[in-house]
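# A predicted structure for the sequence below; I have some questions about it.
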Amino acid sequence: MIEINVDTSLIAKKYEPLYLSTGYSALAEDWNVFRRAVLHKAFHEILLPHMFKEIDASIRKSAEAIVAAEYQERLEYVSVDTTRLSRN
C-alpha cells in the first residue's frame, strides 16, 4: 500500500468557516463546538480515508497498466524472435 502523508487538520480548518456560525452568543459557540466535531469526524473518519483509498487504487491501476503494457511489448518481441528462429 502506498503511504500518503498529509496534514489533514489543515484541510479541515480550511472548510470550517463555511460551516461555523459567526454569532457571538453562548448558543452559537455551543453549536460551533458541535459543528467542529461533526466536521472532524466527516473529514478524518469518512472523506479523507475514502479519498486516500481511491488515490491508492488509481495509482495502483495506472502502475499495473504500465507494467502490463511493458510486458506485452516484451512478449511480442520474444514471439517475433522465436518465429524467426524456427523458420531457419
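Ah, there it is.
# And the pLDDT for the closest residue to residue 8 other than its chain neighbours?
Nearest non-adjacent residue to residue 8, counting by CB to CB, 6 or more residues apart in numbering: residue 48, 5.4 Å away. All C-beta spots, glycine's among them, are computed from the backbone N, C-alpha and C. Looking at residue 48, its pLDDT reads 86.
# Spit out the contact partners of residue 48.
Counting by CB atoms under 8 Å, 6 or more residues apart in numbering, residue 48 touches 6, 8, 11.
# Chain neighbours aside, what residue packs nearest to the last one?
If you skip the residues right next to it in sequence, residue 11 has residue 43 as its closest partner in space, 6.5 Å away by CB to CB, 6+ apart.
# Burial check on that neighbour, number of neighbours?
Residues near residue 43, counting by other CB atoms under 10 Å, number 18.
# looking at it, it is touching residue 6, isn't it?
No - taking contacts as CB atoms under 8 Å, residue 43 lies outside contact range of residue 6: 11.0 Å.
# Of the contacts of residue 48, keep whichever come out buried.
For these, a neighbour count by 16 or more other CB atoms under 10 Å gives an empty buried set.
# Filter those down to just the ones in helices.
When DSSP state H defines the helices, the subset of the contacts of residue 48 inside them is 8, 11.
# Looking at the contacts of residue 48, which is nearest residue 27?
Nearest to residue 27 among the contacts of residue 48 is residue 11, at 27.8 Å by CB to CB.
# How much space separates the closest one from residue 39?
Using CB to CB, to the nearest Å, residue 11 is found at 10 Å from residue 39.
# Same check on residue 18?
9 Å.
# Give me the more crowded residue out of these two.
More crowded of residue 18 and residue 39, by other CB under 10 Å: residue 39, with 18 against 7.
# before we move on, the earlier item: give the contact list for the residue nearest to residue 11.
Residue 43 sits next to 8, 11-12, 15 when contact means CB under 8 Å, 6+ apart.
# could I get the residues you listed as CSV with distance to residue 65 and pLDDT?
Converted to CSV, the contacts of residue 43 look like this (distance: CB to CB, whole Å; pLDDT from 0 to 100):
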residue, distance to residue 65, pLDDT
8, 29, 71
11, 29, 76
12, 33, 75
15, 34, 84
